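J.: one predicted model, sequence on top.
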Amino acid sequence: MLRRVRQSLRQVLFLMARRPDLLCGAIVLGVLLILAVKFTCSCAKNVVAAARPPVRFFSAEAPVVDLYLGQLDQVERLKSMAEVSLIFFYAPWCAHSMAARQEVQQVAKKLAKQVQFVAVNCWWSQGKCRKQNRFYQYPIIHLFYRRFGPIAYNGPFVAPYVESFILRVITPLTYLPSRATLQEFLSHHEPRVVGFFQFNSSPQPLGYITYLSSALQALKRDFCGVIRFGVVTNRQVAEAISVKEDETVYLHRRFNTSLIFPRGERNFTSEAICRWVFEHHETVLQWLQPPGTKSRLLEQELTKGPALLLFLPHSPLESKPNSILQQIADIAVRYHSCDSNYHSLLDQSNTLFQSACCQSVVLPESNAVSSTTVCELCLNTPRPGLSSSVIRCSFPSVAEGGDVLQSYLRDCCVHRLSAPVSINTAASLVCRNFLNSYSPFGQYSACCRTIEPQLNESSSQAKERPDFHRTPITPLFSSNPTFSGPHKEADGITGLRCQTNRTLRFYVLDAALNWPLAVRLGAPVNRSASHQLEDGLQGDESSDGPFATIVNLQDEIHYVLHHNPATSLTESLEAFIRNFSAPYSLLQRHLVGEDKRGGEEKAQHPDKQKQPPLRPLITELTTSSFLSSVMDLQKDVLLFYYTQWCGFCSVLNHIIIQLARLLQGNSTISVARVNVAQNDLPWEFMVDHVPSILLFPRYRKHFSVKFPDDLPITLPNLLHFILQHSGSMQSADKPVKAPGEAEGSGANAVLREEFLALQHEVQVLHQARELLSQQLAQLWRDNRRLTFDTRSLETQNAELQRERQSLEEQHREKSRQLGEVVRHGYIRTQKQLQQRDTKDKSISG
């Protein structure tokens, strides 16, 4: 190997010595190549321009400290200046950051005195925020409560939601100074936690900060703040929930026994308290807030079982509770209430916290001589800090609010008390036979009792009771009362969760933010067109009513509540839940299809209705028009199943169009197609793959036939498939009786017309077959001509190949001859050189 290299170098040096001009040219070319590469690289460096320095993202008027250079070191200094700080990490190019900027500015103008708002540009490459953090999305909001944090906000970037979350961070605990406020705090359907801490010995007890941190830890896990934390400092108030020891954390549960944090088993830390609360709390109504991006939140919840999704108009900053949400929460509480005795005990315990104003209504069936059966309608009026003598009872009159009272009086019990009520026992008697289950939001409660005549005579003693103020007895019912008959002791939904295997989970979503999801589930596109309005709520709530649907992901089915304006929302929703829980449900599966705007266009343009509709070449079917078109007994329907993402379906479009053109003159055969990706169909009409073709014969729709999968979908095969299975062809093959053999002239005429129509259809099909045969013959002739052309081209190609071979042989022969001539010339030249050298030697010698 080395020898070959040396020999090559020697040959190169020898040639360079003999040809110095070649050496100089190689050197010059090398220098030019180096200069060209260097010049190109020097110019390429100036192609990339330096990044522009960042500018302010927020306006100068906004009360937000904008660290647009990513100065993360100044964030710590700014956090120490306020008790609560909000850090807004953004990227200047991000559209979500730009949209959230307006919302954050709006909140900052309202809470600038309580919260320090800081915005940090985390996209500037030279800033510390970009170097120290790796965010995968923007914007990001972190809140800090003193030294606790960060508390990440995962909700929608809408001003009311952001402001509500900040307010909950500012006040994570609710102060409960009295029993009335404690009872009101525990009466809501959300999980509630109460901590008892005495502030006598020190300004702040040892466990108070830990309890406060646990409330902030809960906000970390749930930005909605469903679990509320309260604090009690009075021992008498704490005894109302059987809490006596200081620094006790009490978890209130509605259906099971309430719990006290086991300090002997777990460490008293904020993380342990938060984990214990989330492990043991009860949830009957859960808020869902999809982030608006790719997320598995809905999948994780819907895979747990059937879910009742309720889309409600919601305002996070609303001072008074949403009345529609209260009704739904009442239904959810009663649905999960499996123990009826619990409610009666809880109702009796509620008398310790509230004063009752009761109105006694005489039932028509009562006997005024021996005893009087009355229904007492009590108005629950919790009034903390006021004596019962100051409370005023206000009931709507029969004319103004009689229907409201009757809705509660219809549930008034008809049980008689076994023992007569005396004057002494009447004062201590409480309502025990409650038919309607306990409602934490109920304003009224109804019960019945039997009162002896002497009780009415001694009404002055009853007035001396401080907790009850009665108005005069007024009969509300007519002579034929509507609700005077006996009622079942259960309302049909109380405890239904424990009576069926199809347990429902209740979820609530904000209709303003999640209405596109509701539309995909069957809600109207235009919310103002929805008729789901609750009676009596037009003045308080939004004009758009709620939308309710039950989704059963396991069965791939869902139902939609069609609310009747004549009934209340509570009655409609209860009937909806009962029908779903029944062993043989009467609910109809809701099929979601493409938006059909034909009705709206006709309503907007009534002149278009006068124009006769044109028959389309291929009928496009949707969910609503599927059954009426396919099950038409007077037509053979060839149905083509396709989707917009199916490539094979697009390839077959021209074949379906040709088939429709051939059958366009036949009124008894229809070609249709349906997009199964956009239109839900009944289970019996679904297919397992696309593309698929089904034929629904005339008069025999139950004998539908599927096009064989092993046959290619071509025009001749489709025509043969239609002729073989068409209901018109099979009807034409049947013999027709002569007119004399028919039963009547009218029947013969009908049969004759039908026979003529069938003959016409057969003739049309024969004509189509002849036309197709002609087209096939033409194609055969074209194919034969192409075959001959191919053979001639092959012959020409063979001749050209032979000519090419002959030319190659001639080329080789000429090359051989030229080589011989060159070799002979070289030999002759060598001989001449040798002779010349011999002469030179002889001359020199």
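T.: Now that the structure is in, tell me what you want to look at.
J.: so where's this structure uncertain?
T.: 41-49, 201-203, 292-293, 339-491, 526-544, 595-615, 728-751, 845 (pLDDT under 70).
J.: any idea how far the spatially most central residue of the chain is from residue 217?
T.: Centroid-nearest residue in the chain: residue 517, 4.7 Å away (criterion: CA atoms, centre = their mean). Distance of residue 517 to residue 217, given as CB to CB, to the nearest Å: 30 Å. (Each C-beta comes from the backbone N, C-alpha and C, glycine too.)
J.: now residue 272
T.: Applying CB to CB, the value for residue 272 to residue 217 is 10 Å.
J.: next one: residue 560
T.: Distance, residue 560 to residue 217, by CB to CB: 39 Å.
J.: please look at residue 101 and residue 58 and confirm they touch.
T.: Yes: Residue 101 is within contact range of residue 58, at 6.4 Å (criterion: CB atoms under 8 Å).
J.: other residues contacting stretch 670-677?
T.: Under the contact criterion CB atoms under 8 Å, 6 or more residues apart in numbering, stretch 670-677 has outside partners 594, 617-622, 626, 629-630, 632, 635-645, 656, 659-660, 663, 681, 686-687, 690.
J.: ok, stretch 54-61 next?
T.: 64, 66, 68-69, 90, 92, 97, 101, 104-105, 119, 121, 124.
J.: next one: stretch 204-211
T.: Contacts of stretch 204-211 (CB under 8 Å, 6+ apart): 173, 195, 197-199, 229, 231, 246-247, 249, 268-270, 273.
J.: now that stretch: buried residues?
T.: 205, 207-208, 210-211 (16 or more other CB atoms under 10 Å).
J.: what are the phi and psi angles of residue 125?
T.: Residue 125 adopts backbone torsions of phi -60, psi -30, taken as degrees, to the nearest 10.
J.: which one is it nearest to, not counting chain neighbours?
T.: Of all residues not flanking residue 125 in the chain, residue 51 sits nearest, at 7.0 Å (CB to CB, 6 or more residues apart in numbering).
J.: what's the local residue count around that neighbour?
T.: 9 (other CB atoms under 10 Å).
J.: same thing with the one 10 residues further on?
T.: For residue 61, the neighbour count with other CB under 10 Å is 8.
J.: do residue 279 as well
T.: Neighbours of residue 279 (other CB under 10 Å): 8.
J.: quick one: distance of stretch 694-709 to the chain centre.
T.: Remark: stretch 694-709 is offset 37 Å from the chain centroid, using CA atoms, centre = their mean, to the nearest Å.
J.: now swap in stretch 515-528 and tell me
T.: 11 Å.
J.: then that stretch to PDB, C-alphas only?
T.: C-alpha atoms of stretch 515-528 as PDB (Å, rounded to 0.1, in the frame of the first residue of the first chain):
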ATOM      1  CA  TRP A 515     -72.500  25.900  24.900                       C
ATOM      2  CA  PRO A 516     -70.600  24.500  21.900                       C
ATOM      3  CA  LEU A 517     -70.400  21.200  23.800                       C
ATOM      4  CA  ALA A 518     -74.100  21.400  24.600                       C
ATOM      5  CA  VAL A 519     -74.900  22.000  20.900                       C
ATOM      6  CA  ARG A 520     -72.900  18.800  20.000                       C
ATOM      7  CA  LEU A 521     -75.100  17.000  22.600                       C
ATOM      8  CA  GLY A 522     -78.400  18.200  21.100                       C
ATOM      9  CA  ALA A 523     -78.900  21.800  22.300                       C
ATOM     10  CA  PRO A 524     -80.200  24.400  19.900                       C
ATOM     11  CA  VAL A 525     -77.500  26.400  18.100                       C
ATOM     12  CA  ASN A 526     -79.300  29.700  19.000                       C
ATOM     13  CA  ARG A 527     -79.800  29.800  22.700                       C
ATOM     14  CA  SER A 528     -82.600  32.300  22.500                       C
END
